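1. What follows is a predicted structure for the sequence shown.
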Amino acid sequence: MSLSVISKKLKLVIIILLIFIIGTTIHDPIYRRLIEEENDNEKRIWCIVTYPSSLETFNSFMQIFHVCVPFMINLISVVILITRKTRQQSTLQTHRTYKQILQEQFRQHRHLFLAPVILVILTLPRLIISLASKCMQSVNDSWLFLIGYFISFIPPMLTFAIFILPSKFYKKEFHKSIVQYRTNIQRRLHLILQR
């Protein structure tokens, strides 16, 4: 398959994923509303979501789906990558056993197993908070929900550390792109300063 065909297919997959994700979460802003509450000389504004029961079931399913399916796709992709590479290496290196090559491939690519597991673990607080239908009765409970909410932002912030840094290939490509950006910036600054 040529690179242009692969590129077109990837663009189509990205568009389909974008439409799917928007389609499965579009109901959320529609059913959100703000409620003002005055309690013990404190005024608070709550953002409340009230779904019909069928939509609540759908929402819970989609929350779990959006965590589990990418995790499973990542794991299956890594297993396929390692097994294909092991088969390829075993035909080239006949003096080594399949098991030895498989263990070596696993050691080389273990960060690909580790990254999705870490992301799922870090996403669990957000998933639990979104599935829990408990309301806070006092301000004292709010710290627990707030900590869980902020923990849910850790996975996107750690993408670089989880995926790029453990991989030699990605780290090398990252350094190449940094050098390229640096030279481009220096060249442009040099042109601006010459004027």
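-> Perfect, thanks for sending it.
2. Which elements pack onto the longest helix seen in the chain?
-> For the chain, the helix that runs over the most residues, judged by DSSP state H, is helix 53-92. Secondary structure elements in contact with helix 53-92, counted by 3 or more C-beta pairs under 8 Å, 6 or more residues apart in numbering; DSSP states H and E, are helix 3-25, helix 27-30, helix 98-108, helix 110-131. Using the backbone N, CA and C atoms, a C-beta is placed for each residue, glycine as well.
3. how about 10 Å then?
-> Contacting helix 53-92 under the criterion 3 or more C-beta pairs under 10 Å, 6 or more residues apart in numbering; DSSP states H and E are the following elements: helix 3-25, helix 27-30, strand 42-49, helix 98-108, helix 110-131.
4. averaging pLDDT over each of these, which comes out lowest?
-> Note on the helices and strands packed on helix 53-92: lowest mean pLDDT is at strand 42-49, with a mean of 76.
5. Direction included, what does it pair against?
-> strand 32-39 (antiparallel) (DSSP bridges).
6. any idea how far the longest helix of the chain is from the chain center?
-> Computed by C-alpha atoms, centre = their mean, to the nearest Å, the separation of helix 53-92 from the middle of its chain amounts to 12 Å.
7. Give me the average confidence score over it.
-> 90.
8. Stretch 161-173 too?
-> pLDDT averaged over stretch 161-173 equals 79, rounded to a whole number.
9. For it, measure first residue to last.
-> Start to finish, the residues bounding stretch 161-173 are 14 Å apart (C-alpha to C-alpha, to the nearest Å).
10. list the buried ones in that stretch?
-> Buried positions in stretch 161-173, judged by neighbour count with 16 or more other C-beta atoms under 10 Å: 162-163, 167.
11. Cross those against helices and list the overlap.
-> The subset of the buried residues of stretch 161-173 located in helices under the criterion DSSP H is empty.
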